[in-house]
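1. based on what follows, work out the 3D shape:
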Amino acid sequence: MTKDLAGREVVQVVEIEQPFCSLVYGNNPCTAQGTDDKKCYNTYATCQDQDNFAASTLSLYFTRGNVADQNISGVTYAIPSLVSVSTSPTRINLSSANKSASGLGNRASVKIKFKDHPHTDKRVDPYVDGRSWDPYLRASFWSKWFARNRYRQNITVKVYEGYEGEALGAMTVREYVWDSFTGPDADGNVVVTAKDILAKVEERKALAPVASPGKLHTNIASGTSHVECNSATESDYPATGTLRIGSECMTYTSRANSANGVTFSGLTRGTDGTTASSHSAGDTAQQCLRYTTQRTDDVLADLLENYAGIPSTKLDTANWATEYDSFSPSVTLTALITKPTGVNQLVSEISEQSSSYIWWDERDALVKFKVISGLNVAPDILTEESHILDGSLSFRDLPDQRVSQAWVYYLLDDVTRSITDAENWKAIQISADLNAEGDNEYGEKSVREIFARWLPSDALAVPLANRTLTRYVDVPREARFRLDAKDRTYWTGDTVRLSTDMEVDAFGERRQATYTIIQAEEVVPGEVVEYMAISATAFGKIYRIMAAGSGDYPGAATAGYTDAYIGNSAGVLSDGEICARIT
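-> Below you'll find the model as predicted:
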């Protein structure tokens, strides 16, 4: 997990993947025609045959100095105008427990400052040799780049951090999506801001379901079995599905283009707890989004890819499936979303109700998914003596996250009414630890209400209430610490054990406390990484039943991490460790 970096000089490289046409101007299938001076710059904004634009990318590299002087292999041409890189890390909100933050936590972002300057148009202009002017004498690099690249919102920005003499491919790389551009300022600086890809989820346009265009062509009665909508065609709606008109939901078995728009047939009126009623011409026929007994990972993938616009290549779905199958195969999701709702809200609900979380790993350039559960692999141990930098370790309690009662509302009465209205639910599951509210413990109650639109049964609501109480009945603890860059392989989403004199039992003996890293930031690039972690001991270990004839308990130091030994009547082993239990 460590790397020898002694005496090596840190270098940074920024790569901007500029959208770029792979065709040659005027060569079939490009139909553009013009003199050398009129040729495009192979960008969409300058393209003269946009119907045939063949999208690819052109990698532009930027460094603080001459790339040859820094001995960076893998980069043949770099623009030496990089001034600074300032990053803000991802912060996970475990199971949406922090109610003062977004359910998706904080987005990673980066601000990159460049010095603007004249430029020869080398690499950025494929036809530079045929121009009749000297591009070095015309404007500046960024003013020209800005004009040639008006459509920048999905550009990939990568920040490489490594050491002099290291190949680009061996460096640590973090990936972001272009957000904004400012400058040049009075000093000739420009700043590019980029965010992690989950920023797409938080944008107002990331809604599910999408807004439907259809409006009733005529008034309809409560018993009408088909409806016609104008301002729409059959392509605006799936072949079968559920509509919401006013406060009524109705299913349909077919739809087809008609004289005045699209007609829905085979209606079943007043479904999903709503009442069939009359509606007026001009009322919107909103397509609903229905999930029925679906896997958590599949629902998340659908929302992120099809409604938030995140490419499937950025979703680590193969590992999502493994995580789901290993730790929560009994949790399935069922919901009917009757109006356009923020994907951010829906994903936050799923995170809370399935005891899971997602985050953007800017190093792997993938959206990761984990279930909050017991551990089946021993986490690495980080000690003050060997890993944690002197003076960097601190702890604090998170009393706002403590829970003495978990109230899970489930079985919506009317899917068109507010889900946060307690009167709109048919059932509630309450799990409570009344001792935790007594004067000898915390002295007051702390209730967490979960409006579980995704969990339509006792079999799902009861475990959620119990899990929430188990995890948060004691005040969670936050740890902050720093590691040398030799240990920078630990990153957001990892679970570790801390061994420190600040974490001890009642007898003053060290205890190895388990923490999940929710934030990691290179505060000194290539040298120091700062971590924020949350205690993750509530669910303990996932034990295995050992084979017949296995030896007696050898003590915590040598026992297998998940080996299940029989304890005494008090549930402890010979050295005071807690034994395995059947739950």
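
2. alpha carbons only for contacts and neighbour counts from here, please
-> Noted.

3. from Lys39, how far out is the nearest residue to Asp364 once chain neighbours are set aside?
-> Among residues not flanking Asp364 along the chain, Arg174 sits closest, at 7.4 Å (Cα to Cα, 6 or more residues apart in numbering). Distance, Arg174 to Lys39, by Cα to Cα, to the nearest Å: 35 Å.

4. now for the chain, the helix or strand with the poorest mean pLDDT.
-> helix 199-202 (a mean of 85; mean pLDDT, DSSP states H and E).

5. which other helices and strands does the helix or strand following it contact?
-> In the C-terminal direction, the helix or strand that comes right after helix 199-202 (DSSP states H and E) is strand 207-208. Counting contacts by 3 or more Cα pairs under 8 Å, 6 or more residues apart in numbering; DSSP states H and E, strand 207-208 is packed against strand 341-342.

6. in the stretch 151-300 of the chain, which spans are strands?
-> 156-163, 172-182, 189-195, 207-208, 215-216, 227-230, 241-245, 248-252, 254-258, 261-265, 268-271, 286-287, 289-295 (DSSP state E, counting those that start in this stretch).

7. mind putting the ones you listed in a markdown table, distance to Ala78, mean neighbour count and mean pLDDT included?
-> Below are those laid out as a markdown table (distance: least, Cα to Cα, whole Å; neighbours: other Cα atoms under 10 Å; pLDDT from 0 to 100):
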| stretch | distance to Ala78 | mean neighbour count | mean pLDDT |
| --- | --- | --- | --- |
| strand 156-163 | 13 | 22 | 92 |
| strand 172-182 | 17 | 19 | 92 |
| strand 189-195 | 17 | 21 | 95 |
| strand 207-208 | 40 | 23 | 96 |
| strand 215-216 | 55 | 22 | 97 |
| strand 227-230 | 56 | 24 | 96 |
| strand 241-245 | 53 | 23 | 98 |
| strand 248-252 | 58 | 23 | 98 |
| strand 254-258 | 56 | 17 | 96 |
| strand 261-265 | 56 | 21 | 97 |
| strand 268-271 | 62 | 19 | 96 |
| strand 286-287 | 50 | 26 | 98 |
| strand 289-295 | 46 | 15 | 98 |
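
8. distance to Asn149 added to the ones you listed, as CSV?
-> As requested, the strands of the stretch 151-300 of the chain are exported to CSV (distance: least, Cα to Cα, whole Å):
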stretch, distance to Asn149
strand 156-163, 13
strand 172-182, 11
strand 189-195, 13
strand 207-208, 28
strand 215-216, 39
strand 227-230, 39
strand 241-245, 41
strand 248-252, 45
strand 254-258, 40
strand 261-265, 39
strand 268-271, 50
strand 286-287, 37
strand 289-295, 37
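
9. indicate which one of those strands is closest to Glu305.
-> strand 207-208 (11.2 Å; Cα to Cα).

10. for the closest one, which strands pair with it and how are they oriented?
-> strand 341-342 (antiparallel) (DSSP bridges).

11. give me the mean pLDDT for the partner strand.
-> Strand 341-342 shows a mean pLDDT of 95.

12. so what touches it?
-> Val201, Glu202, Arg204, Lys205, Ala206, Leu207, Ala208, Pro209 (Cα atoms under 8 Å, 6 or more residues apart in numbering).

13. burial count for the first one?
-> Other residues near Val201 number 24, with proximity taken as other Cα atoms under 10 Å.

14. ok, it - contacts?
-> Per Cα under 8 Å, 6+ apart, neighbours of Val201: Leu304, Ala308, Gly342, Val343, Asn344.

15. list just the nearest of these to Arg417.
-> Gly342 (16.2 Å).

16. specify the beta-bridge partners of the closest one.
-> Leu207.

17. give me the neighbour count for it.
-> 21.

18. oh, and call the first residue 552 from now on, that's how I've got it
-> Happy to do that; since the first residue is 552 now, the last one works out to Gly893.

19. helices of the chain, start to end?
-> For the chain, the helices defined by DSSP state H occupy 692-699, 750-753, 847-853, 868-878, 894-904, 1009-1023.

20. what's the spacing between the fifth one and its chain's center?
-> Centre-to-centre, helix 894-904 and its host chain are 11 Å apart (Cα atoms, centre = their mean, to the nearest Å).

21. give the contact list for Val710.
-> Val710 neighbours (Cα under 8 Å, 6+ apart): Gln563, Val564, Val565, Glu566, Val724, Arg725, Glu726.

22. show me what the second one is bridged to.
-> If I follow you right, that is Val564. Thr614, Tyr711.

23. confirm for me that it is in contact with Glu712.
-> Yes. Using Cα atoms under 8 Å, Val564 is in contact with Glu712, at 6.6 Å.

24. show residues contacting stretch 629-643.
-> Under Cα under 8 Å, 6+ apart, the answer for stretch 629-643 is 565, 611-618, 655-668, 908-912, 1043-1044, 1069-1072.

25. at 7 Å instead, please
-> If you take Cα atoms under 7 Å, 6 or more residues apart in numbering as the criterion, stretch 629-643 is touched by 612-618, 655-666, 910, 1069-1072.

26. whichever of those residues end up buried, select them in PyMOL.
-> To isolate the buried ones among the contacts of stretch 629-643 in PyMOL, judged by 16 or more other Cα atoms under 10 Å, type:
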select buried, resi 612+613+614+615+616+618+655+656+657+658+659+660+661+662+663+664+665+666+910+1069+1070+1071+1072
